[in-house]
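In: structural data only, the sequence is not supplied:
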């Protein structure tokens, strides 16, 4: 059973990484029909639905996944991204990310994402807090340094802007390449 689940996850992940959205959606939908109690099936369905522009259906799928497994960081994180970016519901998105970070407070990307959301909401003091949390977990996280610098600039804290700039200048070039 576990091997079967791992195989399905690997297949869904592979289709998503290739950007084969119609195939990923068809696979996830057949998986949800076969095993409607599997949160991962609904999660991958949400990913494919979001990628194909079916935003309301994607939200519904993510929320169904959360009813089955409310302790999955990735589901909360993806729902937050969907709500924030595509659906323009930033406050609700930030709440989802806070929930995700209660599950996994050691996730630097989650803290950096929350810093970004807070920045776009004009909550600069919270940006600094979140960026500092991310940097405590990953001192070489470029995004967190950038969020930190922007928030500090907005707050008039030039010493933090300078420190972030110096820290960025010391990072190896490969840290500036985006990864997924």
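Out: Cool, the structure landed. As the structure is a computational prediction, the values presented were derived from the model and not from experiment.

In: tell me the spacing between the spatially most central residue of the chain and residue 117.
Out: Nearest to the geometric centre of the chain sits residue 77, at 4.0 Å (CA atoms, centre = their mean). For residue 77, the distance to residue 117 (CB to CB, to the nearest Å) stands at 11 Å. C-beta here means a position set from N, CA and C on the backbone, and glycine is covered the same way.

In: anything in contact with each of the two?
Out: residue 97 (CB atoms under 8 Å, 6 or more residues apart in numbering).

In: residue 65 reaches residue 47, doesn't it?
Out: No - taking contacts as CB atoms under 8 Å, residue 65 lies outside contact range of residue 47: 10.1 Å.

In: outline the domain layout of this structure.
Out: 1-104, 110-180 (automatic domain parsing).

In: now these in TSV, with mean pLDDT?
Out: Output for the domains of the chain, formatted as TSV (pLDDT from 0 to 100):
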stretch	mean pLDDT
domain 1-104	94
domain 110-180	91
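
In: does residue 70 count as helix, strand or coil?
Out: Under DSSP: H, G, I helix; E, B strand; the rest coil, the three-state class of residue 70 is coil.

In: residues touching the nearest residue to residue 71 once chain neighbours are set aside, list them.
Out: Closest residue to residue 71 apart from its sequence neighbours, by CB to CB, 6 or more residues apart in numbering: residue 103 at 5.4 Å. If a contact means CB under 8 Å, 6+ apart, then residue 103 has 71, 72, 73, 76 as its contacts.

In: determine which two of those residues are furthest apart.
Out: Pairwise distances across the contacts of residue 103 peak at 9.0 Å for 71 and 76 (criterion: CB to CB).

In: more neighbours, those two?
Out: residue 76 (25 against 13; other CB atoms under 10 Å).

In: where does that one fall, phi/psi-wise?
Out: Here is the backbone geometry of residue 76 (degrees, to the nearest 10): phi -60, psi -40.

In: now swap in residue 123 and tell me
Out: The phi/psi pair for residue 123 (degrees, to the nearest 10) reads phi -100, psi 70.

In: next: residue 122.
Out: Main-chain torsions, residue 122, degrees, to the nearest 10: phi 80, psi 20.

In: again with residue 107
Out: phi -100, psi 100.

In: quick one: the helices in the protein?
Out: 2-18, 21-34, 39-51, 55-68, 73-81, 90-103, 108-120, 124-137, 142-155, 158-169 (DSSP state H).

In: remind me what the fifth one packs against, helices and strands.
Out: Packed against helix 73-81, as judged by 3 or more CB pairs under 8 Å, 6 or more residues apart in numbering; DSSP states H and E, are the following elements: helix 39-51, helix 55-68, helix 90-103, helix 108-120.
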